[in-house]
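**Q** here is a sequence together with a model predicted from it:
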Amino acid sequence: MQKAKLTKRQAEAIREALKMKREGELVEQHVEIIRDEDDAWIGNLEALNELDPDTLCRAIYAGYVVIGEDQAVTVTEDMRADLLSVYIFKTEDSKFDYAFGEGMQHALEVLGVHIEGITDKEESE
């Protein structure tokens, strides 16, 4: 069985839930909550709402890896060229193109990806 890929919030929610419930009880309650559209995990367990039963089971029984800020991103020269060509739209007069470029820059910053000429654009202007 392959390890589940979880966000930091999801991993923390599972650890918290397992302080209160045994593994089988947690899985059983999770399936019940997913079946009932009016029910949901709340508080520090809210991130469990993002998990399907299979992912929760794999996380509990096979383990998990946390993805996100520690995940390495490799940007090839071709990818950089493609991103840079799309990012150039930001300098045009169209509000849509400007918003697209701003959104792309923000997404890269959130992911912690630095691409010369894109994420450092504001600093050099």
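**A** Looks like it arrived, so ask away.
**Q** how deep is the nearest residue in space to Q10 that is not next to it in sequence tucked in, by neighbour count?
**A** Spatially, and ignoring its direct neighbours in sequence, Q10 is nearest to A47 (4.6 Å; CB to CB, 6 or more residues apart in numbering). Backbone N, C-alpha and C define where each C-beta goes, glycine included. For A47, the neighbour count with other CB atoms under 10 Å is 19.
**Q** could you do W41 as well?
**A** Quick note: W41 (other CB under 10 Å) scores 18 neighbours.
**Q** cool, R35 as well?
**A** R35: 9 surrounding residues under other CB under 10 Å.
**Q** just the buried positions in the host helix or strand of A11, please.
**A** Per DSSP states H and E: A11 is located in helix 8-20. Judged by neighbour count using 16 or more other CB atoms under 10 Å, the buried positions of helix 8-20 are 10-11, 13-14, 17.
**Q** stretch 32-50 now?
**A** Result for stretch 32-50 [16+ other CB under 10 Å]: buried residues 33-34, 41, 45, 47-48.
**Q** would you mind measuring the gap between the ends of it?
**A** Taking CA to CA, to the nearest Å, stretch 32-50 runs 14 Å from one end to the other.
**Q** before we move on, back to that, wait, the residue nearest to Q10 touches R9, no?
**A** Yes. Look at A47 against R9 with CB atoms under 8 Å: they come within range, at 4.0 Å.
**Q** ok, A107 - how many residues close by?
**A** A107: 10 neighbours (other CB under 10 Å).
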